[in-house]
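Q: next comes the sequence, and after it the predicted model I'd like to discuss.
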Amino acid sequence: MKKISFGILLGLIICISACKKLLPSAPKDEAVLAGTIPGLSPEQEKEHLIGDANFARIFTKEDGLGPIFIQNSCSGCHVANGKGHPSTELTRYANVNGSVIDYLLNKGGPQLQHRAVPGYLPENLPNEANVFSKRLAPAVMGLGYIAALDDQSILNNADPNDLNSDGISGRVNYVSPTSFFSPQAIHIPNNGYYIGRFGKKAEKVTIQDQVVFALKQDIGITSDFDTQDLYNYQLGVNTGNNVTDPEVSSGFVYGLVFYMRTLKAPSRRNADNTDVLAGEKLFTQIGCASCHIPTFTTAESDISALSNKTFHPYSDFLLHDMGPLLDDNYPEGSANGFEWRTPPLWGIGLAKDSQGGQMFLLHDGRATTFEQVISFHGGEAASRRTSFNALSQTEKDQIIKFLESL
Amino acid sequence: MKKILPVILFLLSLPFVSQTDSSFIKRTQADTSKLKMNMDAVYNRPFLTMGKFPVAIGGYVETNSSYFGTDGVTEGLSFQIPRLTLFISSSIKKRIKFLTEIEFEEGGKEIGIEFASMDIELHPLLNLRGGVIMNPIGAFNQNHDGPKWEFIDRPFSATTIIPSTWSNVGFGLFGKYAKNNFVWAYEAYLTNGFDDKIISNTQGRTWLPASKQNPERFEESFNGVPLVTTKTAIRHRKVGEIGISWMGGVYNKFQEEGITIDKQRRIDLYAIDLNSTISKTRTYINGEWVVAMVDVPKTYSQSYGNKLQGGFLDIVQPVLRRKILGWENSTLNIAFRTEYVDYNVGTFNETNSKIYDHIFAIVPGISFRPSQQTVIRFNYRYHWQTDLLGNPASRTAGIQFGFSTYF
């Protein structure tokens, strides 16, 4: 009796003391894209969590989902904050006739919502559409640093006329601001237009622009900033959604924006590895770093943890002619079909961990290896592709290892 | 709630009355003389009877503590009372009886009638049952009392594919036929059923428990088409029991004001359950597997699966049966559960690659039974949850301690 009692007591003590050791450990910080930027206050961390919940919120038709949509939550496309998967690929369309671009807004444009709530028909491409662009969702980490960059830092690298004769002629995308855009000290206007820095063609000036656009065009959710619902024009205007607008408040939108502003930048892995270091050197030597610029420094920010911080996005946030293989014929802002914003490479090494174990790269996921991505580089980047192809296999592998370390 | 409170207080006071007059109130043990099957679980419980009063009452409670963590983040230690359940049964007349089971979940956050049926026996092979019934799909849904299990958490497949306890208003038939060491049984019911919340919910996946949130299912059918549930099972005294069951119906509203607004979309669940005790070692084995087929619109999100499947296998090994800590005939068991649930069986249209969204879990445990009606349980649970795309699994583990007892 006493032995059994003692045994039970001892067992319980061992179990309680071993509690923490029996729980799964946290994955290494550099292995995940979740987490906050360093230096946030507890209050800001709490705001981040609120935004995180908004980001993960799954909308139903009772919440206003759709009635036509692409995905029912932010995290449904930006899984684990990473790059999207072909199953959530979206299509933008327009009618382009010479220099006249019609985004077919009165036909359901500019984006196709190919899914619908039960009992409602999804949108079909209108007959008038003659250009289409398929897009995968981008990764969302580190956006706060990009948002805190001043326009001058972007302009400093612009060279639209290739005055330095390096073959690279990046230019900014001046876009018309949204009705709710409020210029900050970092913005430099140009005849009422502002420099876009977000989106695959740098067509969005702020994170909030992108959030409001995606809430509506991807999920079919109206907000204080855009109260007009999506609907299937082929069924009739204003059909299929009886939910009171706006379906989310400005506070909800701000929560999402704050979440993305305070998501950490991806951490490097194996940055000191010999091959990685050699690859990094080659990356610069063959001119990749002309567009994929490694380092920037932020300006003053209302979030002090983002003020005057050096970060490493591997992008210049400028538009470049990428040649005919990547030409989608779809203009956005002042960007032509063959022009794309240099995508930040940070976090690219973790792409497969948000895409189901396989990489789907480029704007539409057509490339599944880094070599394929490079082979699609044309236009201004053709010389860099040629330089890469001229490397030995060992050198190519070193560049790949460097990319995997980002 | 205010109306039901005096009744609850009265019922809860009865065990204390029994302490003062043990000859007035008697505890009737579960009848183990006959071959009992999973379908008998609802009556095969201990009850308190009071003299010649035609009503017997009983119930059980479950309470536990848990310390869980996911990927290095823990919410700390917490305590739960997942459910307190009261049974009331009455033999109205010979071969006519009534039983109800009222459950209070999570300290009264949810109060539900899980069972409230009148049974009329016309023949052992032909009984009529009507009221709130537990749909006989799988075994766990009918045989779910906490004190019967060595594991604190209910199996995923039995709570998230079969949304146990899944009960609905309806009517049906059941019967049994016994010969020598065999007993064969059947059940067949028509009830109200699911609704379109199963594919329109905040889980972002086909989620059958979402229909339980609709209180109107006890008042009217969502679409006028009954849910059909049938089960047949056979038991051998020395070998064990095996059951197969099917539950199917239409889950969406396809007609309104006489206008057809959608096609009829079906949901069908197929389950197999088995249990056996190896007489030589007294090892108890119990398992269940369920497959659910759901007609999800092709133009809806692929995160809502049109096929779900999952199951569990429990092995319980008594290691000590004797007087322990002063309790005669106590039992100390070691137990092990393995379970798996896949909420979306299939492939992505765009890539033809596998859709994941699954959970695999193992649950080793120790249980101590001072009597067959009471179990003190200690479980360690570890599960791996993989998202839709098959990214690196999220890992959750924890320790649970608790007890469950009939009273």
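A: Now that the structure is in, tell me what you want to look at. Numbers count the residues shown, from 1 in each chain, chains lettered A, B, ... in the order given.

Q: for the residue nearest to residue B:137 when sequence neighbours are not counted, list each beta-bridge partner.
A: Distance criterion CB to CB, 6 or more residues apart in numbering or on different chains; nearest residue to residue B:137, sequence neighbours excluded, is residue B:247 at 4.3 Å. Just so you know, the C-beta spots here come from the backbone N, C-alpha and C atoms, and that holds for glycine as well. For residue B:247, the beta-bridge partners are residue B:229, residue B:269 (DSSP bridges).

Q: residue B:247: neighbour count?
A: Using other CB atoms under 10 Å in any protein chain shown, residue B:247 is surrounded by 27 other residues.

Q: what does residue B:394 give?
A: 16.

Q: number of nearby residues for the residue in the stretch 51-200 of chain B positioned nearest to chain A?
A: As assessed by CB to the nearest CB, chain A sits closest to residue B:72 within the stretch 51-200 of chain B, at 2.4 Å. For residue B:72, the count of nearby residues is 12 (other CB under 10 Å).

Q: with residue B:109 instead?
A: Here the count is done by other CB under 10 Å, and residue B:109 has 7 residues near it.

Q: just the pLDDT for it.
A: At residue B:109, the pLDDT value in this model is 79.

Q: where's it relative to residue A:146, distance?
A: 44 Å (CB to CB, to the nearest Å).

Q: which residues in the stretch 301-407 of chain B form strands?
A: B:307-324, B:327-342, B:358-371, B:374-386, B:394-406 (DSSP state E, counting those that start in this stretch).

Q: ok, residue 324 - contacts?
A: All of this refers to chain A. Residues counted as contacts of residue A:324 (CB atoms under 8 Å, 6 or more residues apart in numbering or on different chains) are A:338, A:378, A:379.

Q: try chain B instead
A: Contacts of residue B:324 (CB under 8 Å, 6+ apart): A:4, B:330, B:332, B:368, B:370.

Q: can you rerun that using 6 Å?
A: residue B:330 (CB atoms under 6 Å, 6 or more residues apart in numbering or on different chains).

Q: what number of residues lie near residue B:395?
A: 18.

Q: which ones are touching the closest residue to it other than its chain neighbours?
A: Excluding its sequence neighbours, the residue lying closest to residue B:395 (CB to CB, 6+ apart) is residue A:24, at 3.7 Å. Contact analysis of residue A:24 by CB under 6 Å, 6+ apart lists B:71, B:395, B:397.

Q: can you tell me which of those residues is closest to residue B:131?
A: The closest of the contacts of residue A:24 to residue B:131 turns out to be residue B:397 (CB to CB; 41.3 Å).

Q: how about the contacts made by that closest one?
A: Counting by CB under 6 Å, 6+ apart, the residues that residue B:397 touches are A:23, A:24, B:382.

Q: 10 Å instead?
A: Contact analysis of residue B:397 by CB atoms under 10 Å, 6 or more residues apart in numbering or on different chains lists A:22-24, B:67-71, B:74, B:361-362, B:380-384.

Q: same thing with residue A:242?
A: Contact analysis of residue A:242 by CB under 10 Å, 6+ apart lists A:61, A:62, A:64, A:67.

Q: longest strand anywhere in chain B?
A: The longest strand of chain B (DSSP state E) is strand B:73-93.

Q: so the residue nearest the centre of chain A is in which element?
A: Computing the C-alpha centroid of chain A and ranking residues by CA atoms, centre = their mean puts residue A:138 first, at 3.0 Å. Counting by DSSP states H and E, no helix or strand carries residue A:138.

Q: ok, the closest residue to it other than its chain neighbours to residue A:147 distance?
A: Distances taken as CB to CB, 6+ apart put residue A:83 closest to residue A:138, at 6.3 Å, once the chain neighbours are dropped. With distances taken as CB to CB, residue A:83 is found 19 Å from residue A:147.
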